[in-house]
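Student: Quick one, what's the 3D model for this:
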Amino acid sequence: MKNLHILFTCILAICLTGTVQAQKFGFVNTQELIQGLPEVKEANSNIEAYQTQLQKKGQEMLQSFQAKYQDLERKQSQGEISPVQLEQEAAKLKEEETKILEFEQSSQQKILEKSETLLSPIRDKIQDAIDQVAAENGYDYIFDYSTGFILFADSTADVGALVKAKLGL
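Tutor: Numbers count the residues shown, from 1 in each chain. Just a heads-up that it's a prediction; the model follows:
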């Protein structure tokens, strides 16, 4: 019985050793890949232009609000407006201020959505290239070096050149 237990332990150890040795690991720096793609530069340029457009509209709204506020202050100081009219105009300005704040918040959301729309296909393209390199070269795992989660990596395991070739860089 004791010999059977030893034999089972040896067979289990051989099976586990065989499984561990069959795995192949690699790493790639995705930030380097992203910086090398011309599509990223174009997407970033489009995002910046969209952001500038929204900022310009926001500035125009703010300037209009400030002008109306200053005009209302002038009318009040010169006695050109009744207290009832002042209250009505102040309520209108409060509504306009709320719209400006809502516009600022929605602008940030729109910029994030635009970024996702433009950059998502690029991330998918990079992931597809990584998947192809892994399949063609028998890698079980490929880690992203740019995230900083690798404590040690042999430079021969860097698959960045293979992925760059897939991306045409």
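
Student: From now on I want contacts and neighbour counts done on CA atoms only, so please keep to that.
Tutor: OK.

Student: After the longest helix anywhere in the chain, which helix or strand is next? Please name it.
Tutor: Counting by DSSP state H, the longest helix found in the chain is helix 83-137. For helix 83-137, the following helix or strand on the C-terminal side (DSSP states H and E) is strand 141-144.

Student: which helices and strands does that following strand pack with?
Tutor: strand 25-28, helix 83-137 (3 or more CA pairs under 8 Å, 6 or more residues apart in numbering; DSSP states H and E).

Student: which of the ones you listed has the lowest average pLDDT?
Tutor: In terms of mean pLDDT, the lowest-scoring of those is strand 25-28 (a mean of 90).

Student: Return the set of buried residues in it.
Tutor: By neighbour count on 16 or more other CA atoms under 10 Å, the buried set for strand 25-28 is Phe25, Gly26, Phe27, Val28.

Student: Using a markdown table, lay out these together with distance to Leu162.
Tutor: Below are these laid out as a markdown table (distance: CA to CA, whole Å):
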| residue | distance to Leu162 |
| --- | --- |
| Phe25 | 14 |
| Gly26 | 11 |
| Phe27 | 11 |
| Val28 | 9 |
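
Student: State the pair within those that is farthest apart.
Tutor: Phe25 and Val28 (10.6 Å; CA to CA).

Student: shared neighbours of the two, which are they?
Tutor: Ile142, Phe143 (CA atoms under 8 Å, 6 or more residues apart in numbering).

Student: Tell me how far Arg123 lies from Glu39.
Tutor: Going from Arg123 to Glu39 by CA to CA, to the nearest Å gives 11 Å.

Student: what do you get for Gln109?
Tutor: Gln109 is 22 Å from Glu39, by CA to CA.

Student: now do Lys166
Tutor: 15 Å.

Student: now Ala161
Tutor: The value you get for Ala161 to Glu39, if CA to CA is used, is 19 Å.

Student: How about Gln55?
Tutor: 24 Å.

Student: How many residues are close by Asn44?
Tutor: Residues near Asn44, counting by other CA atoms under 10 Å, number 15.

Student: Tell me who's in contact with it.
Tutor: Ser115.

Student: Could I get the average pLDDT for stretch 140-152?
Tutor: The model assigns stretch 140-152 a mean pLDDT of 78.

Student: Pull out the buried positions in it.
Tutor: Ile142, Phe143, Asp144, Tyr145.

Student: Adding distance to Ser82, write those residues out as TSV.
Tutor: Below are the buried residues of stretch 140-152 laid out as TSV (distance: CA to CA, whole Å):
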residue	distance to Ser82
Ile142	73
Phe143	70
Asp144	67
Tyr145	68
